[in-house]
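Q: need a structure here:
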Amino acid sequence: MPLAHTNAQGDGEDLLHRLWIYTNYDCNLSCSYCVAESFVGAKRNGLPLPQVCRLIDEAVMLGMTGLFLTGGEPFILHDIFSMVHYGLERMQVTVLSNGILLKGKRLQQLEALPHRERLTVQISLDGSNAATHDVYRGAGSWQKAIDAIVRLKAAGFHVRLGTTQTPENSQDLAAMCRLHRALGIPDDDHIIRPLVRRGFSAKGMAISLPALEPEVTVNRDGVYWHPVATAPDLLISPRLFPLREAVEQIKEIRESLLMVTGGASNRFR
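A: As a prediction, the model looks like this:
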């Protein structure tokens with residue numbers, strides 16, 4: 001699961017205006033570094049449409065303006081277009097995807113959504129070539145991602161790229177930037193974040209709650225501190241509703257952490 005932001009630190013942005021929802025955990029790829037532990041054949045463990053809609057309504061009441069739908073691969077779900085539709089009528093929406101399924105009927109369903117100017121599709125791309133990208137994501141996945149990006153751009157969608165920096169692609173990032181520009185994607189829409197030692201990944205940066213700038217994250221089991229993982233150490237509340245209660249808990253914990261650090265914030269985002 002890719003994050004939709006950089007690892008920028010200390011810029012003062014309050015990320016509690018975002019609501020992250022793990023729509024499901026099954027995927028059409030089995031990436032070896034997946035922080036969500038998603039893979040082909042994983043249990044769906046998804047949130048039903050009525051709960052997603054209620055979460056969106058309560059998030060709007062709390063002043064949230066951005067909805068991020070992630071997985072797993074969200075476009076596996078039959079209800080994903082209804083979720084996106086409901087969100088677009090109320091918020092800015094970003095869907096994180098590998099893009100492979102976005103063709104044919106699914107692409108037509110995406111094109112039929114209202115308020116497309118509020119929609120961002122974030123595609124995972126970890127290399128300027130197949131050899132670099134496919135080492136973590138599987139043979140053939142790079143070309144399928146490129147094809148998806150081309151289809152989405154041709155259909156007029158706002159496309160963002162999410163790149164996980166790994167030992168294998170660190171020397172390829174400049175070439176990746178040349179590639180995304182050639183694909184018509186500006187620098188501001190290419191997000192590069194470090195590999196995190198969570199989920200399936202045995203490599204990367206070790207991250208714990210105090211080091212993470214909070215972003216309200218929900219799956220069917222509760223509300224979490226940050227979308228980097230829905231792991232027990234990041235669980236804030238097993239109760240989804242009312243969402244306000246968990247958000248207040250997050251704010252209280254954040255204030256306590258800021259008091260410890262004397263008001264300075266250099267947490268990972």
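Q: going forward, measure contacts between C-alpha atoms and count neighbours the same way
A: OK.
Q: quick check: longest helix of the chain.
A: Taking DSSP state H as the criterion, the chain has its longest helix at helix 243-260.
Q: buried set for it?
A: For helix 243-260, burial by neighbour count (16 or more other C-alpha atoms under 10 Å) applies to 243, 246-247, 250, 253-254, 257.
Q: swap in stretch 156-176?
A: For stretch 156-176, using 16+ other C-alpha under 10 Å, the buried residues are 157-166, 169, 172-173, 176.
Q: for residue 87, give its distance to residue 64.
A: 12 Å (C-alpha to C-alpha, to the nearest Å).
Q: next: residue 44.
A: Counting by C-alpha to C-alpha, the gap from residue 44 to residue 64 is 27 Å.
Q: who's residue 223 bridged to?
A: Here residue 223 sits in beta bridges with residue 218, residue 237, going by DSSP bridges.
Q: give the contact list for it.
A: 216-217, 235-240, 246 (C-alpha atoms under 8 Å, 6 or more residues apart in numbering).
Q: mind checking which of these are buried?
A: Applying 16+ other C-alpha under 10 Å to these flags 216-217, 235-237, 240, 246 as buried.
Q: closest to residue 146 out of those residues?
A: When the buried ones among the contacts of residue 223 are compared for distance to residue 146 (C-alpha to C-alpha), residue 217 wins out at 28.8 Å.
Q: wait, which of the buried ones among the contacts of residue 223 is closest to residue 75?
A: Looking at the buried ones among the contacts of residue 223 and their distance to residue 75, the nearest is residue 217, at 19.0 Å (C-alpha to C-alpha).
Q: could you tell me the per-residue confidence at that closest one?
A: Listed pLDDT for residue 217 reads 98.
Q: repeat for residue 267
A: Looking at residue 267, its pLDDT reads 60.
Q: what do you get for residue 194?
A: Residue 194 carries a pLDDT value of 89.
Q: how many residues are close by it?
A: Residues near residue 194, counting by other C-alpha atoms under 10 Å, number 14.
Q: still on that earlier bit, so which of the contacts of residue 223 comes closest to residue 113?
A: Using C-alpha to C-alpha, residue 217 comes nearest to residue 113 of these, at 24.5 Å.
Q: what about stretch 233-248, distance to the chain center?
A: A distance of 19 Å separates the centroid of the chain from that of stretch 233-248, by C-alpha atoms, centre = their mean, to the nearest Å.
Q: can you list contacts of the longest strand along the chain?
A: If you go by DSSP state E, the chain has its longest strand at strand 158-165. Residues from elsewhere that reach strand 158-165, judged by C-alpha under 8 Å, 6+ apart: 2-4, 117, 119-127, 149, 152-153, 185, 189-195.
Q: now do the strands in the stretch 1-150 of the chain.
A: Assigned by DSSP state E, counting those that start in this stretch, the stretch 1-150 of the chain shows strands spanning 18-22, 66-70, 92-97, 119-124.
Q: next, format the ones you listed as a markdown table and append mean pLDDT, mean neighbour count and distance to residue 32.
A: Shown next, in a markdown table, are those (pLDDT from 0 to 100; neighbours: other C-alpha atoms under 10 Å; distance: least, C-alpha to C-alpha, whole Å):
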| stretch | mean pLDDT | mean neighbour count | distance to residue 32 |
| --- | --- | --- | --- |
| strand 18-22 | 98 | 23 | 19 |
| strand 66-70 | 98 | 24 | 17 |
| strand 92-97 | 98 | 25 | 16 |
| strand 119-124 | 98 | 23 | 14 |
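Q: could those be laid out in JSON lines, adding distance to residue 224?
A: JSON lines is the format used below for the strands of the stretch 1-150 of the chain (distance: least, C-alpha to C-alpha, whole Å):
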{"stretch": "strand 18-22", "distance to residue 224": "9"}
{"stretch": "strand 66-70", "distance to residue 224": "14"}
{"stretch": "strand 92-97", "distance to residue 224": "18"}
{"stretch": "strand 119-124", "distance to residue 224": "22"}
